[in-house]
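Undergrad: Sequence plus the predicted model coming up.
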Amino acid sequence: MHRERLVSLKHVALFIVPCVMLAASSFGVSDQASTLPSVHLSHTAMTAEFDFLLFGDEGTDPEYMRESAQEAFDAIDAMENSISNWIDGSPTANMNRDAGDKAVVVPPELFSLMVASKKYWEETGGVFDVTVGPLLKLWGFYGKKGGLPSREEIKQSMELVGMNRVELNKADRTVKFARPGMRVDFGGIGKGLAVDRAADILKGKGIRSGRISGGTSSIIVWGPPPQDGDWKIEIRDPYVSGEVARPPLASVTIKDESLSTSSNSEKFIEMNGKKYGHIFDPRTGMPAETKIVSATSIAPTGIQSDAITKAYFILGVEGAKEYCKKHPECRALLIVDHEGTPEVVKVNFPEK
């Protein structure tokens, strides 16, 4: 009999008081689980907790698994030191400082990330955009200052946003911004890249199977969990708080895939009695206004699932359907708010 491991993501929805709970926590091995060696470790990076649950083959030394996990943790730290725009002297901070004035040579990893960011910008019709830094700053997400920005201030900041204003020269590995003041922020894609990098290292070390979560936003899994089966995520009723027992609204299984989720519940600012979330629609310069309570994406890689979940959140059901139609390897699960009643919409899931 196949068994599924349960993993968890948790979000407090912006538009309703109770919380949206994506699955119950169950990281340990069940009573009937196999006796395969396993380790469960965590590491803080990118202002998030990275949680590793790893399983080896029979005879695998758990100490070897812990050493492999440490190598993956070190890789995440090194990546953060490269792509963080808040670390003085990081390649990304230097790029943000200088690329508005001249073409800047960047390390291969950063250049590849810029290329990937432009790809997802194109695929989402410009909705996923790492150049939203000026808007995040204007609205107070780089330090809660001031009040609501004026329409003119928003218009001026939007002149500094758009991957169409970024020139990527592959031959020279340079990045050039069209205008001074542009600023890249990888907050919407960094954790997806991190779980990809960690998983690649661990798979390369021969770790049989595992699940890596980057905070509450991205998960990647590979190989079967103990006693085979797939990794399962259950979506509970977002209108039930506490420990009230209620059947899940939906369940999702993933296998050798990544899952990411977005909502405005964890990062927002409040001005004049209204909450404004951190997911911006670069077409308007405003925090996204949507009926989507949470958007979950499933894709082959963490970087892709992390990027497109923001697009699903902004574009809504029809936008998610359009993206998944063009990318059949991807799926979407959306919780939509209908006057206090949650509706679960699945896209690209097989009919049962």
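TA: In hand now; what should we look at? Numbering: from 1, shown residues only.
Undergrad: Surely Val252 and Thr261 touch.
TA: No: judged on C-beta atoms under 8 Å, Val252 makes no contact with Thr261 at a distance of 10.5 Å. Every residue, glycine included, has its C-beta placed from N, CA and C.
Undergrad: joint contacts of these two?
TA: Thr296 (C-beta atoms under 8 Å, 6 or more residues apart in numbering).
Undergrad: quick one: which of those two has more around it?
TA: With neighbours defined as other C-beta atoms under 10 Å, Val252 and Thr261 compare such that Thr261 has more, 26 against 20.
Undergrad: Need the phi and psi values for Ser217.
TA: phi -110, psi -30 (degrees, to the nearest 10).
Undergrad: Wait, it touches Ala307, no?
TA: No: using C-beta under 8 Å, Ser217 is not in contact with Ala307, being 11.6 Å away.
Undergrad: Looking at those two, which is more packed in?
TA: It is Ala307, of Ser217 and Ala307, that has more neighbours when counted by other C-beta under 10 Å, with 28 against 25.
Undergrad: quick one: secondary structure of the more buried one?
TA: helix (DSSP: H, G, I helix; E, B strand; the rest coil).
Undergrad: got a list of what it touches?
TA: Applying C-beta under 8 Å, 6+ apart, the residues near Ala307 are Ala116, Ser117, Tyr120, Thr124, Phe128, Gly188, Ile189, Gly192.
Undergrad: go again using 10 Å as the cut-off
TA: 116-117, 119-121, 123-124, 127-130, 188-189, 192-193, 260, 297, 299, 301 (C-beta atoms under 10 Å, 6 or more residues apart in numbering).
Undergrad: ok, now Trp86?
TA: Contacts of Trp86 (C-beta under 10 Å, 6+ apart): Thr47, Glu80, Thr92, Ala93, Tyr142, Asp185, Gly187.
Undergrad: Which pLDDT value goes with the most far-flung residue of the chain relative to its centre?
TA: The C-alpha centroid of the chain is most remote from Gly59, which lies 34.5 Å away (C-alpha atoms, centre = their mean). Per-residue confidence (pLDDT) for Gly59: 91.
Undergrad: just checking, it touches Pro37?
TA: Yes: with contact defined as C-beta atoms under 10 Å, Gly59 and Pro37 form a contacting pair (7.9 Å).
Undergrad: If you count neighbours, what's buried in stretch 54-68?
TA: Leu54, Phe55, Gly56, Thr60, Met65, Ser68 (16 or more other C-beta atoms under 10 Å).
Undergrad: OK, contacts around the residue most central in space within the chain?
TA: Geometric centre of the chain, nearest residue: Asp306, 3.3 Å, by C-alpha atoms, centre = their mean. Applying C-beta under 10 Å, 6+ apart, we find Asp306 in contact with 120, 128, 186-196, 214, 217-218, 258-262, 297, 299.
Undergrad: now do 7 Å
TA: Gly188, Ile189, Lys191, Gly192, Ser218, Ser260 (C-beta atoms under 7 Å, 6 or more residues apart in numbering).
Undergrad: Enumerate the beta-bridge partners assigned to the nearest residue in space to the third one that is not next to it in sequence.
TA: Which is Lys191. Counting by C-beta to C-beta, 6 or more residues apart in numbering, Gly214 is the residue found nearest to Lys191 once chain neighbours are left out, at 3.6 Å. Using DSSP bridges, the bridge partners assigned to Gly214 are Phe50, Ser218.
Undergrad: Do me a favour and average the pLDDT over stretch 262-272.
TA: Per-residue pLDDT over stretch 262-272 has a mean of 59.
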